[in-house]
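Student: Show me the folded form of this:
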Amino acid sequence: MPLAQDARTEVVVVGGGVAGLSCAQALGKQGRKVVLLEKDRCGSGASGKSSGFVTPDSEMELCDLIRNLGPGVAKRLWEFALGGVEAILANIRRFGIDCDLQVQDSLFLAASKKGAAVVQAEHAARQAFGYGSTLHDRESLTSLLGSNGSHGGLRYSRTFGINAHRYCRAMRDVLLQSGVVIHEQTRVTAAGKGQVTANGHTVRADAVVLCLDRFLPEVDVIPRQVYHVQTFLAVSAPLRDAQVAAIFPEARLMVWDTDLIYQYFRVIGGNRLLIGAASLLYTYGKERAVAPRILRKMRSWLGQRFPHVPVEIEYFWPGLIGVSKDFLPLAARDTADPTLSFMAGATGLAWADALGRYVAEMIQSNRRDFEAEFDPGRRFPIGNFVQGLIGKPNAFALSHGIEKYFR
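Tutor: Numbering: from 1, shown residues only. Just a heads-up that it's a prediction; the model follows:
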């Protein structure tokens, strides 16, 4: 449907990833007249290119949140993310969405002796809050993972994987049927004062929500507080059942390790292995469609960990997600323009869904319980002055290292 000149609605949501779709869904349930604008196709960005892991973990484990923010805030944030896990699963089941739902436990893998201490700390954090988990040492881990070189792991449930692109496309259709107006191939170039400009046209509204993640700076919103990290994903040729069983002797799991720039993998539909990896050279750099160094790293890593299972990689692609300098989301109403709200930095599908609903409730009922934690003006390990001296990529890389290892 083409965008009409000088259109009028109650709320404009900009962005067709999981966060934008979640926000539009929540506002529509409240009876608001919603128009969603997406520059490409819903699900064509970071959400649709993701690994499809749906867990409360993001770039920060529960033990990281406790260490950095204290147990009270950490528990509230974890429950916030768990709400996103549950909401995505509820949508899949309610609307019968075909998105390769793979209900799988998570396995947080110790990649080194130092990583084993991190895994133990995460287990202790989960036990303190009453979240079930099972700690495995190097020996008992062999019952779960037919891999070499691991130093233990932590398994827990209530997680699953999906094809996030198919989920977004299906939720687009659900929203259309519910009355949300959606315009794809509609690039927003300006927003504020109760209106947005897109494709040379104007849409006026009582409220505008920017779910643009790492693209917020393109419309001059918090340009210093949001950046990106890049990872790469690959999918193997189909494996035989016996080969899958050689990797996962007991049950198929969603796995990631304790490295700062970590490896992760899971089995998806068709008995294919999905694997993700990156390197410091590329993580904070410009988007690369081709990265032979990473492809070689993936093949080497698979060969070392699973030498008994030959894995042939058939597909490979990059993915960028928006991040803040402390890995927590950014969400607020513009102090100078109360009609404008925005969000970014939801590192994970569950966080994106929860953040979309949070901003919808912020608009609908003035929800503010995470105002301090999500405030773009909060204090970060590296401030704007130092960032100006060393550059944005270095500032974010250094800030993330401090958050993970030195706080």
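Student: Give me the neighbour count for Val209.
Tutor: 31 (other CB atoms under 10 Å). (C-beta placed from N, C-alpha, C; glycine too.)
Student: I figured it hits Ser341, correct?
Tutor: Yes - using CB atoms under 8 Å, Val209 makes contact with Ser341 at a distance of 4.9 Å.
Student: all helices for the stretch 301-407 of the chain, in order.
Tutor: 349-365, 371-374, 384-390, 392-405 (DSSP state H, counting those that start in this stretch).
Student: out of the ones you listed, deepest packed?
Tutor: Of all those, helix 349-365 carries the top mean neighbour count, a mean of 25, counting by mean count of other CB atoms under 10 Å.
Student: Can you show me the CA trace of that helix as PDB?
Tutor: Taking C-alpha atoms only, helix 349-365 is exported to PDB below (Å, rounded to 0.1, in the frame of the first residue of the first chain):
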ATOM      1  CA  LEU A 349      15.200 -11.300  20.400                       C
ATOM      2  CA  ALA A 350      13.700 -11.700  23.900                       C
ATOM      3  CA  TRP A 351      15.000  -8.300  24.900                       C
ATOM      4  CA  ALA A 352      13.700  -6.700  21.700                       C
ATOM      5  CA  ASP A 353      10.200  -8.000  22.300                       C
ATOM      6  CA  ALA A 354      10.200  -6.900  25.900                       C
ATOM      7  CA  LEU A 355      11.600  -3.500  25.000                       C
ATOM      8  CA  GLY A 356       8.900  -3.000  22.300                       C
ATOM      9  CA  ARG A 357       6.200  -3.700  24.800                       C
ATOM     10  CA  TYR A 358       7.900  -1.500  27.400                       C
ATOM     11  CA  VAL A 359       7.900   1.600  25.200                       C
ATOM     12  CA  ALA A 360       4.300   0.900  24.200                       C
ATOM     13  CA  GLU A 361       3.300   0.900  27.900                       C
ATOM     14  CA  MET A 362       5.500   4.000  28.400                       C
ATOM     15  CA  ILE A 363       3.300   5.800  25.800                       C
ATOM     16  CA  GLN A 364       0.000   4.300  26.900                       C
ATOM     17  CA  SER A 365       0.300   4.400  30.700                       C
END
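Student: centre of the chain versus that helix, how much separation?
Tutor: Centroid separation between helix 349-365 and its chain, computed with CA atoms, centre = their mean, to the nearest Å, is 14 Å.
Student: That one packs against which elements?
Tutor: helix 18-29, strand 53-54, helix 71-95, strand 207-210, strand 330-333, strand 340-344 (3 or more CB pairs under 8 Å, 6 or more residues apart in numbering; DSSP states H and E).
Student: So what sits opposite Asp105 in the bridge?
Tutor: Per DSSP bridges, the residues bridged to Asp105 are Leu253.
Student: just use 26 as the starting number from now, easier for me
Tutor: Let's use 26 as the start, then, which means that last one is Asp130.
Student: Residues touching the helix or strand of the chain with the lowest mean pLDDT, excluding its own?
Tutor: Averaged element by element with mean pLDDT, DSSP states H and E, the chain has its least confident helix or strand at strand 32-33 (a mean of 75). For strand 32-33, contacts defined as CB atoms under 8 Å, 6 or more residues apart in numbering pick out 60, 226-230.
Student: From these, which land in strands?
Tutor: Assigned to strands by DSSP state E, the following of the contacts of strand 32-33 qualify: 60, 226-229.
Student: Domain ranges for this structure, per the record?
Tutor: Domains of the chain are assigned by automatic domain parsing as 32-73+190-247+352-401, 130-183+253-348.
Student: Run through this protein and note the low-pLDDT ranges.
Tutor: Within the chain, the stretches with pLDDT under 70 are 26-31.
Student: Quick one, which of the helices and strands packed on helix 374-390 gets closest to Glu428.
Tutor: helix 96-120 (13.5 Å; CB to CB).
Student: Could you give me the buried positions within that closest one?
Tutor: 98-100, 102-103, 105-110, 112-114, 116-117 (16 or more other CB atoms under 10 Å).
Student: Give me the distance from it to the chain's centre.
Tutor: Taking mean C-alpha positions (CA atoms, centre = their mean), helix 96-120 and its chain are 13 Å apart.
Student: what does stretch 399-419 give?
Tutor: 21 Å.
Student: what's the span of it, first residue to last?
Tutor: Start to finish, the residues bounding stretch 399-419 are 22 Å apart (CA to CA, to the nearest Å).
Student: How about stretch 174-184?
Tutor: Its first and final residues considered, stretch 174-184 spans 25 Å by CA to CA.
Student: most surrounded residue in the ones in strands among the contacts of strand 32-33?
Tutor: Val228 leads the ones in strands among the contacts of strand 32-33 on contacts (other CB under 10 Å) with 26 neighbours.
Student: In the protein, which residue is most central in space?
Tutor: With distances taken as CA atoms, centre = their mean, Gly373 lies nearest the centre of the chain, 1.8 Å away.
Student: All set, thanks.
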